Structures are given as C-alpha cells and as structure tokens.
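**Q** please work out how this folds:
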Amino acid sequence: MQLVINQQGTNISRKSGAFEVRNAEGTHKFSPEKIDSMLISGGVKFTSDAILLAVEHEIDILFLDHLGRPQARIWSHHFGSISTIRKQQIHFATHRAGSEWLTGVLAHRLEAAALLLQSLRADRPGKEEIIDQGIRTLTSLGGRIRRESGKPLEDAMKARLRGWEGTASRAYFGVLSELVPDVYKFDLRSRRPAVDIFNCTLNYCYGILYGRVELALIKAGIDRPQRNRKR
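**A** Numbers count the residues shown, from 1 in each chain. The predicted model follows:
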C-alpha cells in the first residue's frame, strides 16, 4: 500500500509500533507491515521515531512539492549500488543489449498509445479520421524505432530516437486533446508550470509514477541520472 499524506497540519508519529497520523479529520493508525511507500507534501510534520520506523521496515518516504513533483526522499541504508552493478550498467548502456532494450521500450510505448487510441475510436463518432491519422503516425514511428534495434547507441542514434519520440508525443496528445470534453481540452503538453486541468492531472500522476520507478532503481542498486541543477 502507498500512503499519501497531503493535508497541511498533519502530524505523523510512532506509537505502539505503528504510524499514527493525526490531523483535523481525526487520528488513524497504520501498520508498517502494510505500507510499501509514503508520499508526503507541504505542511506535514514527521517525527524522527516515525522516520526510523519507516527505515526499519524499508519503507520509502518521498517528499513532493505543491505540484506533486518529487523533491527529496529517505530510504533504508540497505539500498545501494555496488561496483559490479555499476560496471554492468555501463556495459549494458553502451552495447547491443542496451540498444535492444531501449528501442523495445520506446516502440512498445508507441504501440500501446496506438492501441489506446484504437480503443477510443468506437465511442468518438466524427473523430475517426483524426484518430486514424494519430494511429498511423504512432505505428510508423514505432516501426522506425524497432529498426534501430541492436545498433550502437551513438549520439546520432540517440538524437533520432529523441526526435521520433517527440513527434509521437505531439501526435498522441494532439489526438487526445480532440477527444476529451471541452473543459479538459489543451493546446500542448505543459510541465513547469502546467497551464490547464489536463496537464495538471497528468503531471501529478507522472510525479507519483516517477517516485515509484526511482525507488525500484534504488532497490536494484542502479544509479539514476542526476537532474540538471540551476547554478
């Protein structure tokens, strides 16, 4: 279970081997045996005993900003990378296996997006041509990406993949914007900040997903790329 605490003024402490969560809505207790991770956002107080209880049970604590973007995390010291994993990671990222994995993941994403658009086609009368055009674009780009499988991951190839992925994203979200109710329509994908309801919701969900994916990488001992920091 993932415990999400986002109400200002909430206090999280340890009591009788469990997490005690207190706020204006009342007091609730949660067994650490049933929690995999915790998402914490603004105005929440966390006692050191509660943090140590989470560490003891290898529960990841992820802190989010007001837009739901991950900002910091606390995890058990048992997680971590070793030199053997790091060496294998470098080898994988620069050889055929890494190329096959990367192109496979990207192509699968585009194919899944095309299937989603196809599933919406029957319920969107008058939008069939828009949907079909999006499906054709995604299918074509997915085929191009699969043909890159096994090639050396050189800068030129990475640039091609990024370009095709960007084109696919614009095509996919362009179709979605035509299919959602008017109140949720959007002109383009916006992130920092989001400028409409659709993008706000999507960004929040991506923030939660990012936290879960990053935790899986931490537990596996795989190094994550560092974010660009403003100087």
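
**Q** quick one: G142 from L161, how far?
**A** 12 Å (CB to CB, to the nearest Å). Bear in mind the C-beta positions are built from the backbone N, C-alpha and C, glycine included.

**Q** in the chain, which spans are helices?
**A** 48-56, 83-94, 96-121, 128-147, 155-179, 197-220 (DSSP state H).

**Q** how about the ones you listed in a markdown table, adding mean pLDDT?
**A** Formatted as a markdown table, the helices of the chain follow (pLDDT from 0 to 100):
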| stretch | mean pLDDT |
| --- | --- |
| helix 48-56 | 90 |
| helix 83-94 | 78 |
| helix 96-121 | 92 |
| helix 128-147 | 94 |
| helix 155-179 | 92 |
| helix 197-220 | 80 |
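
**Q** minimum distance to L62: which of these has it?
**A** Smallest distance to L62 across the helices of the chain (CB to CB): 4.3 Å, for helix 197-220.

**Q** just checking, what packs against that closest one?
**A** strand 37-40, strand 60-64, strand 70-74 (3 or more CB pairs under 8 Å, 6 or more residues apart in numbering; DSSP states H and E).

**Q** that older thread, quick one: which of G142 and L161 has more around it?
**A** A direct count of neighbours by other CB atoms under 10 Å for G142 and L161 places G142 higher, at 22 against 18.

**Q** ok, that one - contacts?
**A** By CB atoms under 8 Å, 6 or more residues apart in numbering, G142 lies in contact with L106, A107, L110, E111, A114, A168.

**Q** give me the number of residues near the third one?
**A** When neighbours are defined as other CB under 10 Å, L110 has 25 of them.

**Q** quick check: it vs T201, distance?
**A** 22 Å.

**Q** same question for the second one.
**A** Summarising the geometry, the distance separating A107 from T201, computed by CB to CB, is 27 Å.

**Q** possible to save the helices and strands packed on helix 197-220 as a markdown table with mean neighbour count, mean pLDDT and distance to P193?
**A** As requested, those are arranged in a markdown table below (neighbours: other CB atoms under 10 Å; pLDDT from 0 to 100; distance: least, CB to CB, whole Å):
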| stretch | mean neighbour count | mean pLDDT | distance to P193 |
| --- | --- | --- | --- |
| strand 37-40 | 22 | 85 | 20 |
| strand 60-64 | 22 | 84 | 15 |
| strand 70-74 | 14 | 80 | 15 |
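
**Q** overlap in contacts of G142 and L161?
**A** Common neighbours of G142 and L161 (CB under 8 Å, 6+ apart) are L106.

**Q** my read: L153 touches F92, true?
**A** No - taking contacts as CB atoms under 8 Å, L153 lies outside contact range of F92: 10.0 Å.

**Q** which residues do these two both contact?
**A** G98.

**Q** can you give me the neighbour number for the nearest residue to E165 once chain neighbours are set aside?
**A** Sequence neighbours aside, L106 is the residue nearest to E165 in space, at 6.0 Å (criterion: CB to CB, 6 or more residues apart in numbering). When neighbours are counted by other CB under 10 Å, L106 registers 21.

**Q** so who does L106 touch?
**A** G142, I145, L161, W164, E165.

**Q** quick one: contacts for the second one?
**A** To tie it back to what came earlier, the one meant is I145. I145 touches T103, L106, A107, L110, L161, W164, E165, counting by CB under 8 Å, 6+ apart.

**Q** cool, the last one as well?
**A** Shown in contact with E165 (CB under 8 Å, 6+ apart): L106, L141, I145.

**Q** for D187, grab phi and psi.
**A** In terms of degrees, to the nearest 10, the main-chain angles of D187 are phi -80, psi -40.
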